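Q: got a structure for you, letters missing:
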């Protein structure tokens, strides 16, 4: 159209009447300059590029801040060696995934350090304590081999068997110590009252050559705990055997519920344990220089095993003050509420 301005238009067509041959009126309006030129496309393209760059930079910063603690954990783990497990990874505050990862890694390192410490102690104890019975066994066998005519074979064989029995006892106790608290055995709900009663019955017969020791018990019925049956039997055997071996005439056993704990006391009327020696008796292979020194043939690990088992079951084993003799007190967490009824006398 002559005189018309070039450019893009917005056109609207409207029929005058609904008839098929109705005239159509067309009207047009030039588009704004920003819509009819490439400026808008350029601005949109520039905005998309800028937003994409901003999103990438933000993502890089967020991921970097998130993975920074992970890299710190990796670097610290790389520094930790078997010879030195005392280091721990840095823990971030909060309860997000990275913080939980750090806490889990440190808990794993704690268990690993305990396991390595147990292994080192096992090797040290075995090397120290097995030397004597092995040497005795070797002397007996060498004497029998070098002087077969002058050696009483039966006597030498019995001496060798005693050394072998002691070796077997020490190895069994050391293996038990290494196993306690590792999770190798599954804990289960147990009736501590029945377990104590059974152990008392097993300890009632007196040792050969010794006067009968009376064991008096007062047990609260239905005290429930959670533990490994074989380990708790060995735990109870330690104080009971110690009291029975050193009692002059009687042993007192009492089991009560004290709040959320079961309290078992084993007291004897023997010579007692000096105050300064009460912690040492729980050490491995400890000999107390008193009238309660270890009987011949013992491994010196009974009370050490008992305390380790108590700790593995979240309990304690201590020696308390007593008017006469020694008084061992074992405390373990209980499961059920205190039952009705009085304690049972035996």
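A: It's in. All figures in this text were calculated on a predicted structure; none of them were measured in a lab. Residues are numbered from 1 along each chain as shown.

Q: now the strands for the stretch 201-346 of the chain?
A: 214-219, 224-227, 250-258, 261-268, 316-320, 327-333, 344-345 (DSSP state E, counting those that start in this stretch).

Q: make TSV out of the ones you listed and add mean neighbour count, distance to residue 97 and mean pLDDT.
A: In this view, the C-beta of every residue, glycine as well, is placed from N, C-alpha and C. Output for those, formatted as TSV (neighbours: other Cβ atoms under 10 Å; distance: least, Cβ to Cβ, whole Å; pLDDT from 0 to 100):
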stretch	mean neighbour count	distance to residue 97	mean pLDDT
strand 214-219	17	49	91
strand 224-227	20	32	92
strand 250-258	19	42	93
strand 261-268	22	37	94
strand 316-320	16	37	93
strand 327-333	20	32	94
strand 344-345	11	53	50
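
Q: for residue 134, which of the ones you listed is the nearest?
A: For the strands of the stretch 201-346 of the chain, proximity to residue 134 was assessed by Cβ to Cβ; strand 316-320 is nearest, at 31.0 Å.

Q: who's in contact with that closest one?
A: 235, 238-239, 265, 273, 278, 281-282, 303, 306-307, 310, 326-331 (Cβ atoms under 8 Å, 6 or more residues apart in numbering).

Q: check stretch 67-82 too.
A: Stretch 67-82 has contacts (Cβ under 8 Å, 6+ apart) with 87-90, 92, 98, 101-102, 105, 109, 116.

Q: by neighbour count, which of these wins?
A: residue 89 (23 neighbours; other Cβ atoms under 10 Å).

Q: is that one in contact with residue 107, as I believe?
A: No - counting by Cβ atoms under 8 Å, residue 89 does not reach residue 107; the two are 10.7 Å apart.

Q: so where's the stretch 151-300 of the chain uncertain?
A: 181-185, 204-211, 286-299 (pLDDT under 70).

Q: can you map out the helices along it?
A: In the stretch 151-300 of the chain, the helices defined using DSSP state H, counting those that start in this stretch lie at 153-179, 192-203, 229-246.

Q: burial-wise, tell me which of those comes out on top.
A: Across those, the average number of neighbours (mean count of other Cβ atoms under 10 Å) peaks for helix 229-246, which reaches a mean of 21.

Q: grab the nearest non-local neighbour of residue 215.
A: residue 251 (4.7 Å; Cβ to Cβ, 6 or more residues apart in numbering).

Q: let me see the domain layout of the chain.
A: 98-179, 188-205+213-345 (automatic domain parsing).

Q: how about CSV for the contacts of stretch 67-82, with distance to residue 59, secondary structure and pLDDT added?
A: Shown next, in CSV, are these (distance: Cβ to Cβ, whole Å; DSSP: H, G, I helix; E, B strand; the rest coil; pLDDT from 0 to 100):
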residue, distance to residue 59, secondary structure, pLDDT
87, 33, coil, 80
88, 31, coil, 83
89, 26, coil, 82
90, 24, coil, 81
92, 20, coil, 76
98, 17, helix, 78
101, 21, helix, 83
102, 24, helix, 84
105, 26, helix, 85
109, 32, helix, 84
116, 42, helix, 78
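
Q: rewinding a little: a markdown table for the domains of the chain, including distance to residue 50?
A: Shown next, in a markdown table, are these (distance: least, Cβ to Cβ, whole Å):
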| stretch | distance to residue 50 |
| --- | --- |
| domain 98-179 | 31 |
| domain 188-205+213-345 | 61 |
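
Q: right, and these - which one's nearest residue 33?
A: Per Cβ to Cβ, nearest to residue 33 of the domains of the chain: domain 98-179, 53.9 Å.

Q: count the residues that sit near residue 273.
A: 22.

Q: can you tell me how far it is from residue 320?
A: As judged by Cβ to Cβ, to the nearest Å, residue 273 and residue 320 stand 11 Å apart.

Q: over to residue 85?
A: 36 Å.
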